[in-house]
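A.B. asks: Mind looking at a prediction? Sequence and model below.
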Amino acid sequence: MNVNEHEEQQDQSGDDAQVSTGAPHDTAGVPEAAIPELVIISGMSGAGRSTAAKCLEDLGWFVVDNLPPALIPTMVELGARSQGNVARIAVVVDVRGRRFFDNLRDSLADLAAKHVTRRIVFLESSDDALVRRFESVRRPHPLQGDGRIVDGIDAERELLRELRGDADLVIDTSSLNVHELRAKMDAQFAGEEEPELRATVMSFGFKYGLPVDADLVADMRFLPNPHWVPELRPFTGLNEEVAAYIFNQPGAKEFLDQYSELLRLVAAGYRREGKRYVTIAIGCTGGKHRSVATSEKLAARLAAEGVETVVVHRDMGRE
């Protein structure tokens with residue numbers, strides 16, 4: 001998998017749009033500490049801009065794709081007035097907005113005058129790698145017109161030459177895959193903290209089908225079904241008596257212990273590979289008793305390990 005598999009080669013249908021920035025904006029009266037940090041992501045089409053932007057989004061940045069450069073100071077001003085809700089902004093600037101590209105230098109000068117901390121990340125790649133990526137997705141280069149892909153690459157490289165020279169960070173993605181690019185972005189922007197992993201623990205019933213978005217699936221049908229215990233049948237796995245019945249069965253506690261340990265190993269690998277979201281599906285026959293109780297216990301353990309966890313009971317109440 002290369003970095004272009006996550007790049008969206010969008011049409012240039014917005015090139016003729018007229019954008020009014022209104023009256024000049026500034027951050028007068030806003031404490032300097034409230035002014036958000038800014039990262040501008042640019043570079044060659046197919047070099048991994050979308051992947052880099054997604055990485056920052058996963059790290060908690062507010063990301064705006066294809067914002068006209070003239071509007072960058074306005075976006076920063078809005079962030080400064082958000083009372084700390086938008087502390088870090090990432091803006092993707094590329095040739096899809098080339099009519100506004102000449103305004104970038106003026107915007108950068110404006111930001112410097114307002115003491116905005118900004119960095120420019122430029123994604124670079126060799127001509128050979130870019131040609132292979134465009135050919136693999138069977139899409140034209142945004143600037144090739146009636147010419148060849150290499151003509152578009154040459155035109156874009158010339159257009160971006162000055163910006164590349166001003167970049168604070170240049171990443172050559174010619175030989176990088178998606179995970180390696182994300183690792184480089186993490187190293188630059190994650191700081192001292194390990195990137196956060198967010199988990200959704202979902203109970204479900206096999207008779208209603210597997211969750212299509214599940215990364216991991218566990219089957220609790222090896223345990224006796226409380227459905228066949230008349231006094232427990234009306235309740236769900238959220239009921240304490242139902243949960244006690246389930247986890248007093250042979251193998252239930254052992255499963256919870258060993259599966260939790262497995263998830264620690266998997267979570268560490270997900271972080272290394274740049275995966276920030278995981279959906280763990282826990283199934284039983286109807287999604288009412290065993291899967292619900294197990295999902296609750298498992299989510300509590302993940303939360304205790306510092307994993308941001310959401311519990312969803314997909315099929316509970318469906319019967």
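C.D. replies: Sure, I can see it.

A.B. asks: thinking residue 169 is in contact with residue 121, fair?
C.D. replies: Yes - using C-beta atoms under 8 Å, residue 169 is in contact with residue 121, at 4.8 Å. Backbone N, C-alpha and C define where each C-beta goes, glycine included.

A.B. asks: Now list whatever residues contact both of the two.
C.D. replies: Residues touching both residue 169 and residue 121 (C-beta atoms under 8 Å, 6 or more residues apart in numbering) are residue 188.

A.B. asks: Between these two, which is the more surrounded one?
C.D. replies: Neighbour count, other C-beta atoms under 10 Å: between residue 169 and residue 121, residue 121 has more, with 24 against 16.

A.B. asks: On the three-state scheme, the more buried one is what?
C.D. replies: Of the three states, residue 121 takes strand according to DSSP: H, G, I helix; E, B strand; the rest coil.

A.B. asks: Could you give the bridge partners of it?
C.D. replies: Beta bridges link residue 121 to residue 41, residue 169, judged by DSSP bridges.

A.B. asks: Stretch 200-210: how far from the chain's middle?
C.D. replies: 24 Å (C-alpha atoms, centre = their mean, to the nearest Å).

A.B. asks: ditto for stretch 285-297
C.D. replies: 29 Å.

A.B. asks: Repeat that for stretch 128-140.
C.D. replies: With C-alpha atoms, centre = their mean, you get 24 Å for stretch 128-140.

A.B. asks: Next: stretch 116-132.
C.D. replies: Between the centre of stretch 116-132 and the centre of its chain there are 19 Å (C-alpha atoms, centre = their mean).

A.B. asks: Endpoints of that stretch, how far apart?
C.D. replies: Using C-alpha to C-alpha, to the nearest Å, the end-to-end distance of stretch 116-132 comes out at 38 Å.

A.B. asks: just how off-centre is the lengthiest helix in the chain within its chain?
C.D. replies: Using DSSP state H to define each element, the chain has its longest helix at helix 252-272. From the chain centre to the centre of helix 252-272 is a distance of 23 Å (C-alpha atoms, centre = their mean).

A.B. asks: In PDB, could you pull the C-alpha coordinates for it?
C.D. replies: The C-alpha trace of helix 252-272 is given here as PDB (Å, rounded to 0.1, in the frame of the first residue of the first chain):
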ATOM      1  CA  ALA A 252     -15.700 -16.800  31.200                       C
ATOM      2  CA  LYS A 253     -13.200 -15.000  33.500                       C
ATOM      3  CA  GLU A 254     -10.300 -16.700  31.800                       C
ATOM      4  CA  PHE A 255     -11.500 -15.500  28.500                       C
ATOM      5  CA  LEU A 256     -11.800 -11.900  29.800                       C
ATOM      6  CA  ASP A 257      -8.300 -12.000  31.300                       C
ATOM      7  CA  GLN A 258      -6.700 -13.500  28.200                       C
ATOM      8  CA  TYR A 259      -8.600 -11.400  25.600                       C
ATOM      9  CA  SER A 260      -7.700  -8.300  27.600                       C
ATOM     10  CA  GLU A 261      -4.100  -9.300  27.500                       C
ATOM     11  CA  LEU A 262      -4.300  -9.900  23.700                       C
ATOM     12  CA  LEU A 263      -5.800  -6.500  23.200                       C
ATOM     13  CA  ARG A 264      -2.900  -4.900  25.000                       C
ATOM     14  CA  LEU A 265      -0.600  -6.500  22.500                       C
ATOM     15  CA  VAL A 266      -2.800  -5.600  19.500                       C
ATOM     16  CA  ALA A 267      -3.200  -2.000  20.800                       C
ATOM     17  CA  ALA A 268       0.600  -1.500  21.000                       C
ATOM     18  CA  GLY A 269       0.900  -2.800  17.400                       C
ATOM     19  CA  TYR A 270      -2.000  -0.500  16.200                       C
ATOM     20  CA  ARG A 271      -0.200   2.500  17.600                       C
ATOM     21  CA  ARG A 272       3.100   1.600  15.900                       C
END
